[in-house]
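**Q** sequence and predicted structure, then a few things I'm wondering about:
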Amino acid sequence: MDVRSGRVLFAKSADLRWSPASTTKILTALLAMDALSEETLIRISERASVERSGSAIGLEPGEQWKARDLLYALLLHSANDAAVALAEAVGGSVQQFVVAMNARATTLGARRSRFVSPHGRYHPNHQTTAYDLAVIARAALHNPRFAEIVRTQTWDLIRPGQERRMVINTNSLLWRYRGADGVKTGWIAQSGPSLVASATRDGWQLIAVLLNAPRMYRDAAALLDYGFGVFTPVRVAAEGEVFHEGPIGRGAGSLVAVATEEIVVPVRRGAPVEKRVILNVTRAPVRKGQPVGAAVFTSEGREVARVTLIAAEDVRLGSLWSRFVQWLRR
């Protein structure tokens, strides 16, 4: 998946529901970062301290940790106890946090997912898909704090009253692949090895998701190589670019339709991009900034992007005489 546009460049069984294991923690971190500052102090509960199965950093009840250190423990060391501590700090309870997780997933477009925990330990109802994980990771990578953490190879945890402790990122693709900058590993017996990976080259970032992949690092590298090698990013629209200028029914002037944003989309190298303008406003008056249509871009017979068009200026209703002349010309 292209991070900027969300376009999927290659997929296999992308909508198959599967246990995500610790890749769940991408969504946990996203919600925590939205709600907590890095300096927020979190008191560790008894519930969080007993979450020792699988990966953990051994939180003790009553300790106070900065949210920043818990986030690094969550995303680098994959600490399950840190996941529970953050969930309680944000939602008040794990149960309420899970409600927020599912609501956020739906809002992002990850509609085939159902989460029942903030850490991803096995539960038969805790499932997502490769596509949904890519959607969630894409949203998370747009958060600079998240992006900074997941590209970090090592981090010194500052534990209250104790010496610093180094944690090493479980994502060894950061050492293996040129441009690798995220995101999160996952493994439980029921899920198999899983990886959400990202890499950036020449300012262009891609995501690769693999679930139940015994050779996940090799396969992630192959997917990323395919994306970088076969596709190239193309700017098809600039913010304010004029896509239509012409007379409009009953108008005293011309309608000038401009793009609302810059659109950069990956297309296969050498493939042409076609443009089609669709106007849904045919009569004056038109207000400046009013949506008037869209520009649709296709490549190799498939739509690859579209941008909303708005009026660059007001178009007043013409006089009775000018409208009569327009009628005669038509």
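**A** Nice, thanks for sending it over.

**Q** are we agreed that Val84 is in a strand?
**A** No: counting by DSSP: H, G, I helix; E, B strand; the rest coil, Val84 is not found in a strand; it is helix.

**Q** make 881 the starting number, not 1.
**A** New numbering, starting at 881: the last item is Val964.

**Q** and this protein, what are its domains?
**A** 901-1110, 1118-1209 (automatic domain parsing).

**Q** so for the first one, mean pLDDT?
**A** Spelled out, it's domain 901-1110. For domain 901-1110, mean pLDDT rounds to 96.

**Q** quick one, what contacts the residue nearest to Arg1045 when sequence neighbours are not counted?
**A** Closest residue to Arg1045 apart from its sequence neighbours, by CB to CB, 6 or more residues apart in numbering: Leu1037 at 4.7 Å. To be clear about C-beta, it is placed using only N, CA and C from the backbone, and glycine gets the same treatment. Contact partners of Leu1037, counting by CB atoms under 8 Å, 6 or more residues apart in numbering, are Ile937, Asp949, Tyr952, Ala953, Arg1044, Arg1045, Met1046, Val1047.

**Q** 6 Å instead?
**A** By CB atoms under 6 Å, 6 or more residues apart in numbering, the contact list for Leu1037 reads Asp949, Arg1045, Val1047.

**Q** residues near Asp1036, how many?
**A** 12 (other CB atoms under 10 Å).

**Q** wait, a strand at it?
**A** Yes: with three-state DSSP as the criterion, Asp1036 is part of a strand.

**Q** distance check, it against Ala1191.
**A** 55 Å (CB to CB, to the nearest Å).

**Q** ok, Glu968 next?
**A** With CB to CB as the criterion, Glu968 and Ala1191 are 50 Å apart.

**Q** Gly1000 too?
**A** 48 Å.

**Q** and for Glu1141?
**A** 16 Å.

**Q** next up, phi/psi of Ala1100, please.
**A** Phi and psi for Ala1100, reported as degrees, to the nearest 10, are phi -60, psi -40.

**Q** ok, now which ones touch it?
**A** Counting by CB under 6 Å, 6+ apart, Ala1100 has contacts Leu1053, Leu1075, Ala1077, Ala1088, Leu1090.

**Q** which one of these is nearest to Leu1159?
**A** Ala1088 (38.8 Å; CB to CB).

**Q** in which helix or strand does the closest one reside?
**A** Using DSSP states H and E, Ala1088 falls within strand 1084-1090.

**Q** just Leu1104 next, same as before
**A** helix 1096-1110.

**Q** now do that helix: distance to the chain's middle.
**A** Helix 1096-1110 sits 19 Å away from the centroid of its parent chain (CA atoms, centre = their mean, to the nearest Å).

**Q** over to stretch 952-968?
**A** 20 Å.

**Q** so for Gly1000 and Ala1191, which sits in the more crowded spot?
**A** Using other CB under 10 Å as the criterion, Gly1000 and Ala1191 rank with Gly1000 on top: 30 against 21.
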